[in-house]
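> sharing a model that was predicted from the sequence below.
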Amino acid sequence: MKISTVAKVIGGLLAGSIVALLLLRWGVSWWMHERPFSTARFDRAQWMAGNRSNDDRDCIRGAMAKDILRTIATPGASRTDVESQLGPADRVHENMAHYDLGMCSGLRVDYDNLDIKYIDGKVAQAGHSQS
């Protein structure tokens, strides 16, 4: 085998390995940080019953977060309409309402929140965060 052929084979293997590692990293990151928030549709009864102990490793509320962001806490939705579905926030700081989701993402050692920012009584921004 010529040296140029060996170099091409090694280069191809190296490039393939890099792509595989990047895909693996993306997959693990998605699995640990995004998937936990998109596994269930919003169910008001489960939402209201879930996570009142601050030790929700089952992440009942967290599993509904993406659906809530897509269907309830949408930009322009009124605070009254959001709270009629989600109930009162667990904590409110100025115009930001925080709902406890449980220990959902990563290694499940930090608490996750659903954060909804209101301006003039309407949703301006919403998302999930880790604290």
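That came in fine, so what should we check first? Residues are numbered from 1 along each chain as shown.
> so Q125 makes contact with K117?
Yes. Q125 is within contact range of K117, at 4.3 Å (criterion: Cβ atoms under 8 Å). (Glycine included, C-beta is placed from N, CA and C.)
> so which residues of the protein form helices?
Here the chain has its helices, by DSSP state H, at 3-33, 44-49, 65-71, 79-86.
> could you identify which of these has the lowest mean pLDDT?
When the helices of the chain are ranked by mean pLDDT, helix 3-33 comes last with a mean of 64.
> surely C104 is in contact with P36?
Yes. Between C104 and P36 there is a contact at 4.1 Å, judged by Cβ under 8 Å.
> neighbour count winner among these two?
C104 (28 against 22; other Cβ atoms under 10 Å).
> quick one: pLDDT of that one?
Predicted confidence (pLDDT) for C104: 83.
> got the contact list for it?
36-37, 59, 62-63, 65, 112 (Cβ atoms under 8 Å, 6 or more residues apart in numbering).
> for it, grab phi and psi.
phi -110, psi -40 (degrees, to the nearest 10).
> which residues sit in contact with F42?
64, 67-68, 71-72, 85.
> tell me the spacing between it and R79.
Using Cβ to Cβ, to the nearest Å, we find F42 at a distance of 17 Å from R79.
> do the same with E94
With Cβ to Cβ as the criterion, E94 and R79 are 13 Å apart.
> neighbour count winner among the two?
Applying other Cβ under 10 Å to E94 and R79 shows that R79 carries more neighbours, namely 18 against 7.
> doesn't D120 make contact with that one?
No. The pair R79 and D120 does not pass the contact test of Cβ under 8 Å, sitting 9.4 Å apart.
> now do the contacts for M48.
M48 is in contact with G87, counting by Cβ under 8 Å, 6+ apart.
> sorry, slip of the keys, the one I care about is T5.
T5 makes no contacts at all, as judged by Cβ under 8 Å, 6+ apart.
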